[in-house]
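>>> Fold the following and give me the result.
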Amino acid sequence: MNTTQTQSVMNTTFQKRLSILIVEDEQLVRWSLSHALSKAGFNITTVGAGDVAMEKLQSAHYDLVITDIDLPKMSGYDVAAQVKNYCSEIPVILTSAIGEGDARLRIKKDCVDSFIEKPFDLNEVTEIVTRLLSIKNEE
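Residues are numbered from 1 along each chain as shown. Sure, this is the predicted structure:
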């Protein structure tokens, strides 16, 4: 999906602003993701730890969760599993600087919807988010 297609999908499919929860302990990465996805028209909530993400999930609705694997107090795998236990319909994207191989094995087991290796291209992240939310809205 190219940028024009992404914009088209966003303009037609997402008349309401969809909410994304970003769980990332690195402030610069958290800000970069938040900025790019806000610019693309999404409502963004950011937190720096998994336990705080769980609190947010219980107090607000999110259409998608992006979580780093290596987090303080609670791993991204645990965040993903708890998100899916809470609501299996919420797409979850894992991010990590570690290689994709090990993470891919865990993705299948934990029902994670996508994996993005750091460093990532913010346009690619936006396209993946848009695709996952398009699939969710079609169901």
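>>> Which residues does the residue nearest the centre of the chain form beta bridges with?
Closest residue to the average C-alpha location of the chain: I66 at 2.2 Å, with CA atoms, centre = their mean. I66 has the following beta-bridge partners by DSSP bridges: I22, I93.
>>> pull the longest helix from the protein.
helix 122-138 (DSSP state H).
>>> thinking again about what came up before, how about the contacts made by the residue nearest to the centre of the chain?
Residues counted as contacts of I66 (CB atoms under 8 Å, 6 or more residues apart in numbering) are I20, L21, I22, V23, E24, L33, V92, I93, T95, V125, V129. Quick note: C-beta positions are derived from backbone N, CA and C, even for glycine.
>>> what are the ranges of the strands in this protein?
Using DSSP state E, the strands of the chain run over 19-23, 43-47, 64-68, 92-96, 114-117.
>>> List just the one of those strands that sits closest to K84.
Ranking those by proximity to K84 (CB to CB) places strand 92-96 first, at 6.7 Å.
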